[in-house]
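In: When you get a sec, could you give me coordinates for this:
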Amino acid sequence: MTSVVQSFLGNNYKTYIVLFLCALIIGIKLGTLVPLLSLILESRGYSNTEIGLNVVAQPLAVILFVRVTPIIIHKIGLAKSIIIAQIFTIILYFTFPIFDTLTSWFIIRFIIGFAGALAWNAFDTWMLSMADDTNRGKIVTIYNTVFVIGFALGPMVLYMTGIEGWLPFVVISALSFAAIIPLVTMEIDDPKLPDKKTLPVLATIIAAPTIFGAAILCGLDDVMFVSFFPIFMIKNQFAQEIALQYVTITLVGGVICQPIIGVMLDKFNKRTLMNSAVIITFICPIIFSFYLDNFYVMAVSCFIWGGAASGLFAISLTMLGERYSASQVAGATAILVMVFECGSLAGPVVGGRVMDMFGPMGFIYTITSFTFLFLLISIYRTIRR
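Out: The predicted structure is shown next:
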């Protein structure tokens with residue numbers, strides 16, 4: 001069995017397994033936390049605009065500290081960066097029920113955003129620094145798959161804990177602690193990174209607009225979906241439990257489609273795959289919105305939408321790994337995380353406002369509009385090349 005795993009993942013298979021396990025646990029935690037906070041605020045009567053402004057605290061922290069996380073990673077190492085980030089979040093999750101105001105939650109989420117960015121930057125850097133051109137697509141999509149599996153389990157955890165009281169926050173904190181255990185107890189290689197090479201943020205984004213544009217779209221789509229999709233469903237007369245089930249269907253689509261995307265990434269043109277994923281991400285929400293009374297159409301649309309949207313990030317991360325050297329990869333992934341969070345910031349602010357103006361359909365208008373804009377950019381870049 002060990003030889004099969006080693007032949008599939010390579011000589012660093014033990015490290016990959018530990019990182020995949022950590023990504024799974026962190027995915028469960030985030031898949032529980034984000035809809036939990038939105039549903040609590042919605043139940044208290046806050047507007048979609050207010051909920052959106054509260055959500056942007058985390059991406060705002062990432063954007064402001066994009067230059068800091070690579071410095072920390074190069075100074076203390078990849079494993080220690082992840083462990084320290086998780087310890088901070090464990091403490092902060094317990095403060096949500098204590099400091100129970102909109103302003104307090106904004107501050108707490110801002111600090112969590114910085115810790116999350118550090119862990120995310122470390123995970124991506126670790127993966128890309130070990131992978132090569134023969135297995136990069138496979139490794140990235142497995143990593144993305146286990147994270148999405150975790151994220152898909154999040155609403156199920158929330159369904160069991162409910163949104164009232166301390167229990168959901170205790171569970172989320174316990175998951176953060178569980179993510180640390182494999183890094184501390186198992187023998188894995190924590191690769192030493194070469195001297196950090198600074199990348200200019202704006203010039204780097206301009207030089208690779210498709211890679212970073214895809215990350216922006218993924219950030220917008222992800223946060224809009226987990227923050228406002230349950231609200232969109234509830235406003236269309238669906239029960240909260242049914243809304244969370246459709247969230248799970250969408251995330252399951254992301255899980256099941258990942259292995260297929262991984263195989264295709266190592267064999268086919270990545271720009272063609274990206275354009276296909278963007279087209280699907282554009283079409284599925286439109287189909288979904290016209291068939292709210294048809295379970296089968298809704299379920300299939302959610303499933304395919306989830307597969308394309310999650311595959312989009314895997315494609316952009318794989319392309320990033322091909323483009324940058326080991327000395328640049330921490331800085332490049334930090335910028336990728338930053339632009340992802342720019343999308344995460346824009347989505348709730350714009351989407352929440354549009355939903356307040358146009359009702360629940362504002363959710364569909366926001367996602368499809370941003371997706372169409374990126375589709376034009378991606379096709380233009382493909383034609384130019």
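In: So W305: helix, strand or coil?
Out: Recorded secondary structure, W305: helix (DSSP: H, G, I helix; E, B strand; the rest coil).
In: what about this structure, any weak spots by pLDDT?
Out: Applying pLDDT under 70 to the chain picks out residues 1-12, 131-135, 187-199, 325-327, 330, 385.
In: Can you show me the helices along the stretch 101-250 of the chain?
Out: Under the criterion DSSP state H, counting those that start in this stretch, the stretch 101-250 of the chain contains helices at 102-130, 136-161, 167-185, 201-207, 209-235, 240-265.
In: how about those helices, which one is nearest L78?
Out: L78 lies closest, by C-beta to C-beta, to one member of the helices of the stretch 101-250 of the chain: helix 102-130, at 4.8 Å. No exception for glycine: its C-beta is placed from N, CA and C like everyone else's.
In: To K29, which of the helices of the stretch 101-250 of the chain lies closest?
Out: helix 167-185 (4.1 Å).
In: what's the offset of the helix ranked longest in the chain from the middle of its chain?
Out: Criterion DSSP state H: the longest helix present in the chain is helix 326-358. Mean-position distance between helix 326-358 and its chain equals 10 Å (C-alpha atoms, centre = their mean, to the nearest Å).
In: Pipe the helices of the stretch 101-250 of the chain into JSON lines and attach mean neighbour count and distance to C342 per row.
Out: Output for the helices of the stretch 101-250 of the chain, formatted as JSON lines (neighbours: other C-beta atoms under 10 Å; distance: least, C-beta to C-beta, whole Å):
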{"stretch": "helix 102-130", "mean neighbour count": "21", "distance to C342": "12"}
{"stretch": "helix 136-161", "mean neighbour count": "23", "distance to C342": "20"}
{"stretch": "helix 167-185", "mean neighbour count": "18", "distance to C342": "25"}
{"stretch": "helix 201-207", "mean neighbour count": "13", "distance to C342": "10"}
{"stretch": "helix 209-235", "mean neighbour count": "24", "distance to C342": "6"}
{"stretch": "helix 240-265", "mean neighbour count": "20", "distance to C342": "21"}
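In: looking at those helices, which is closest to I83?
Out: Nearest of the helices of the stretch 101-250 of the chain to I83, taken as C-beta to C-beta: helix 167-185 at 5.4 Å.
In: What separation is there between K29 and V171?
Out: Per C-beta to C-beta, to the nearest Å, K29 is found 9 Å from V171.
In: again, but for T49
Out: 29 Å.
In: thinking again about what came up before, now whichever helix or strand comes after the longest helix of the chain against helix 326-358, angle please.
Out: Remark: after helix 326-358, the chain's next helix or strand is helix 362-384, criterion DSSP states H and E. With axes from the mean of the first three to the mean of the last three C-alpha atoms, to 10 degrees defining the directions, helix 362-384 sits at 140 degrees from helix 326-358.
In: Output helix 362-384 as PDB, nothing but the C-alphas.
Out: Once non-C-alpha atoms are left out, helix 362-384 reads as follows in PDB (Å, rounded to 0.1, in the frame of the first residue of the first chain):
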ATOM      1  CA  GLY A 362     -29.000  40.400  -6.700                       C
ATOM      2  CA  PHE A 363     -26.900  37.400  -5.700                       C
ATOM      3  CA  ILE A 364     -27.200  36.000  -9.300                       C
ATOM      4  CA  TYR A 365     -26.600  39.400 -10.900                       C
ATOM      5  CA  THR A 366     -23.400  40.000  -9.000                       C
ATOM      6  CA  ILE A 367     -21.800  36.600  -9.600                       C
ATOM      7  CA  THR A 368     -22.700  36.400 -13.300                       C
ATOM      8  CA  SER A 369     -21.600  40.000 -14.000                       C
ATOM      9  CA  PHE A 370     -18.100  39.500 -12.500                       C
ATOM     10  CA  THR A 371     -17.700  36.100 -14.200                       C
ATOM     11  CA  PHE A 372     -18.600  37.600 -17.600                       C
ATOM     12  CA  LEU A 373     -16.000  40.400 -17.200                       C
ATOM     13  CA  PHE A 374     -13.300  37.900 -16.400                       C
ATOM     14  CA  LEU A 375     -14.400  35.600 -19.300                       C
ATOM     15  CA  LEU A 376     -13.700  38.500 -21.700                       C
ATOM     16  CA  ILE A 377     -10.200  39.000 -20.300                       C
ATOM     17  CA  SER A 378      -9.400  35.300 -20.400                       C
ATOM     18  CA  ILE A 379     -10.500  34.900 -24.000                       C
ATOM     19  CA  TYR A 380      -8.700  38.000 -25.000                       C
ATOM     20  CA  ARG A 381      -5.400  36.700 -23.400                       C
ATOM     21  CA  THR A 382      -5.900  33.300 -25.100                       C
ATOM     22  CA  ILE A 383      -6.300  34.900 -28.500                       C
ATOM     23  CA  ARG A 384      -3.300  37.100 -28.000                       C
END
